[in-house]
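Colleague: sequence and computational prediction follow.
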Amino acid sequence: MTNAGTGVPVWTNAAAGSRAADGRNFWRGLWRLADPRLTLASLSSILLGAAAAWAHGGLSWAWLGVTVLGICCIEVAKNAHGEIRDFDSGADAGVADEDRSPFSGGRRVLIEGTLSRRQTAAICAAGYGLGIAAGLAIVSFREPSVFWVGLTGVALAWFYYAHPARLAYQGLGEAAVALAYGPVICCGTYLSQTGAISREAMLLSVPLGLMVSAFLLVNEFPDYRADRAAGKRNLVVRMGRVRASRLYAGMVAGAFLLQALLPGLGFNPLSWLGLCGLPPAAAAVRRLMRWPETTALVIAAQRWTLESFVLMAVGAGVGVALSG
């Protein structure tokens, strides 16, 4: 189609304007995909693994930096992948205004036009590429056995949304998150520093993995109606919000019970510092069990769960590092 007065194709100016808008919005969209509130889960697990390694002989700060870079790139890639999948399924678009939350409902970079589909896919590919490159650098020049842990982590991230597994859509996403943000990242960090996976690192990682999975679970409550309509059958959709709130309470109780039992499993009593995350977790349990179907009231439970697992990781990490 051309402009009747000039003969210039109409789409030319529109495309130029679109590219200008893309240029202005790209970094804002990338920042949304790298949301620090979501990356805190990875960083908490890295912190715990690094603290355990510090207690057993110190750290290579340079290789720790490569680990952080690689895992954060995979995190951004997974978020970008999720934006595309949840956009295609209608899960993000179906979130009603009254169910919007800072912690759930996606990053909305496609719905709001902050990024194009091509840009989001490019960020996904670049994130996976950089993350895998960082992992291969560790394998090649630091610790070859990290390969299998890294492969597991990348597979969990990719198949969280990708066919045929689509873990997030089959009610398996919560288990995948507990595994990834608990043993995989924590023990992978420890392995890259020490050349081995210890019983201590494994045991430390389990309560944190449960709490990060509980964070995912509470984040599914505001999206319940949209996820159900889109066929995203996570545990909240499968169980309903009332029953899922009881599951959440059980996960939180299990995480802090395991944390409290660590000294009895051979840990220094300083590992009890991880219990400093209990007060916000208890407040979140009370809030969610009382109002599981009211998003405006669930948001506080989301925030408290985030605070809880960060405090657990910092407290336990400091305790383990000091005990060394």
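Modeller: Cool, got the structure. Keep in mind that what you see is a predicted model, and the values were worked out from it rather than measured.
Colleague: next SSE after the lowest-mean-pLDDT helix or strand in the chain?
Modeller: In the chain, no helix or strand scores lower on mean pLDDT, DSSP states H and E than helix 10-33, which sits at a mean of 60. Helices and strands here follow DSSP states H and E; after helix 10-33, the next one along the chain is helix 36-55.
Colleague: tabulate the CA atom coordinates of that next one in CSV.
Modeller: Output of helix 36-55 as CSV, limited to C-alpha atoms (Å, rounded to 0.1, in the frame of the first residue of the first chain):
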residue,chain,number,x,y,z
PRO,A,36,16.1,-9.0,40.6
ARG,A,37,13.2,-10.2,42.7
LEU,A,38,13.2,-13.4,40.6
THR,A,39,17.0,-13.7,40.3
LEU,A,40,17.2,-13.6,44.1
ALA,A,41,16.3,-17.3,44.1
SER,A,42,19.4,-18.2,42.1
LEU,A,43,21.6,-15.9,44.1
SER,A,44,20.4,-17.3,47.4
SER,A,45,21.3,-20.8,46.3
ILE,A,46,24.7,-19.7,45.0
LEU,A,47,25.4,-17.9,48.3
LEU,A,48,24.6,-21.1,50.2
GLY,A,49,26.9,-23.2,48.0
ALA,A,50,29.7,-20.6,48.2
ALA,A,51,29.4,-20.4,52.0
ALA,A,52,29.8,-24.1,52.3
ALA,A,53,32.8,-24.0,50.0
TRP,A,54,34.3,-21.2,52.1
ALA,A,55,34.0,-23.3,55.2
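Colleague: what about Thr114, which SS state?
Modeller: coil (DSSP: H, G, I helix; E, B strand; the rest coil).
Colleague: that one is in contact with Leu30, isn't it?
Modeller: No. Using CB atoms under 8 Å, Thr114 is not in contact with Leu30, being 9.3 Å away. For the C-beta atoms, the positions are set from N, CA and C on the backbone; glycine is no exception.
Colleague: those two: which is more packed in?
Modeller: Thr114 (24 against 19; other CB atoms under 10 Å).
Colleague: what residues are up against the more buried one?
Modeller: Contact partners of Thr114, counting by CB atoms under 8 Å, 6 or more residues apart in numbering, are Asn25, Arg28, Gly29, Arg32, Arg108.
Colleague: of those, buried ones?
Modeller: Neighbour counting over the contacts of Thr114 (16 or more other CB atoms under 10 Å) leaves Asn25, Gly29, Arg32, Arg108 as the buried ones.
Colleague: between these, which is nearest Leu151?
Modeller: Of all the buried ones among the contacts of Thr114, Arg32 has the smallest distance to Leu151: 28.2 Å, by CB to CB.
Colleague: the closest one: what's it in contact with?
Modeller: Here Arg32 is in contact with Arg107, Arg108, Val109, Thr114 (criterion: CB under 8 Å, 6+ apart).
Colleague: likewise Ser323?
Modeller: Ala55, Phe267, Asn268, Leu270, Ser271.
Colleague: show me the residues you listed that map onto helices.
Modeller: The helices, defined by DSSP state H, take in Ala55 from the contacts of Ser323.
Colleague: which among the contacts of Ser323 end up buried?
Modeller: Buried residues within the contacts of Ser323, counting neighbours by 16+ other CB under 10 Å: Ala55, Phe267, Leu270, Ser271.
Colleague: was I right to think the last one contacts Gly319?
Modeller: Yes. With contact taken as CB under 8 Å, Ser271 and Gly319 are classed as touching, separated by 4.6 Å.
Colleague: how near is the residue nearest to Gly266 when sequence neighbours are not counted to Cys186?
Modeller: Counting by CB to CB, 6 or more residues apart in numbering, Glu200 is the residue found nearest to Gly266 once chain neighbours are left out, at 7.7 Å. Remark: distance between Glu200 and Cys186 (CB to CB, to the nearest Å) = 10 Å.
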